[in-house]
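>>> sharing a sequence plus its predicted fold:
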Amino acid sequence: VANKDTVQDVKKIVDYLKRNDRNEYKHHQEVFRPWGKYNVIDSGKNYLVRCITVKPGEKFVAQMHHHRAEHWIVLSGTARVTKGEQIYMVSENESTFIPPNTIHALENPGMTPLKLIEIQSGTYLGEDDIIRLEQRSGFSKEWTNERS
């Protein structure tokens, strides 16, 4: 937020954030998706921490990553997790670990929002390492490499 008489200083603010290696110039505070929303809490060279809220009845499509692992910690609600061939529930104050090269999906089967912390860690965290399966439900042997 800035005074309307000083909007020309926005570039200076962005340059300051870049010089001081701050993430605010790259990431919106809150990012909305059809399934819910997320906030980037912290990030570094080999990690990214997000607070994720998944709407009731919504899910992430099955996907995998070659270069990163994910650790999900449920803060409230219950998650239905698909990890490889396993399907299981993760409740409040529980967590699960998704290693690299593992097909996985996350769903909120409940009637209230699912809130969790996601910690991504690995040698490469780029969006082009999200390999989504072509089908929204179920697993397929064919996958596409598409950006979100």
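Cool, the structure landed.
>>> given the helix or strand hosting A105, what are its sheet partners and their directions?
Following DSSP states H and E, one finds A105 within strand 104-107. Sheet pairing of strand 104-107 (DSSP bridges) gives strand 59-64 (antiparallel), strand 79-83 (antiparallel).
>>> my guess is G57 contacts L114. True?
No - between G57 and L114 there is no contact under Cβ atoms under 8 Å: 10.1 Å. In short, each C-beta sits where N, CA and C put it, glycine included.
>>> who's more crowded, the two?
Between G57 and L114, counted using other Cβ atoms under 10 Å, the more crowded position is L114 (28 against 11).
>>> show me what that one is bridged to.
V54.
>>> cool, the one 4 residues further on as well?
Per DSSP bridges, residues listed as beta-bridge partners of E118: R50, W72.
>>> contacting residues for it?
E118 is in contact with Y38, V49, R50, C51, I52, E70, H71, W72, counting by Cβ atoms under 8 Å, 6 or more residues apart in numbering.
>>> circling back to that earlier point, overlap of the contact sets of G57 and L114?
N108.
>>> which two among the contacts of E118 are spaced furthest apart?
Distance extremes for the contacts of E118: the farthest pair is Y38 and H71 at 15.0 Å, using Cβ to Cβ.
>>> so for the two, which sits in the more crowded spot?
Y38 (19 against 15).
>>> what's the helix or strand where that one lies in contact with?
Y38 belongs to strand 36-44 when assigned by DSSP H and E. For strand 36-44, the external contacting residues (Cβ under 8 Å, 6+ apart) are 23, 27, 29-31, 48-55, 58, 108, 113-114, 117-118, 125.
>>> just the buried residues from these, in ChimeraX please.
Command for ChimeraX that selects the buried part of the contacts of strand 36-44, burial taken from 16 or more other Cβ atoms under 10 Å:
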select :27,48,49,50,52,53,54,58,108,114,118,125
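>>> any stretches of this protein with poor pLDDT?
1-2, 21-28, 134-148 (pLDDT under 70).
>>> where do the helices sit along it?
10-19 (DSSP state H).
>>> most distant residue from the centre of it?
Distance from the centre of the chain peaks at D5, with 37.0 Å (Cα atoms, centre = their mean).
>>> tell me how far that one lies from K12.
14 Å (Cβ to Cβ, to the nearest Å).
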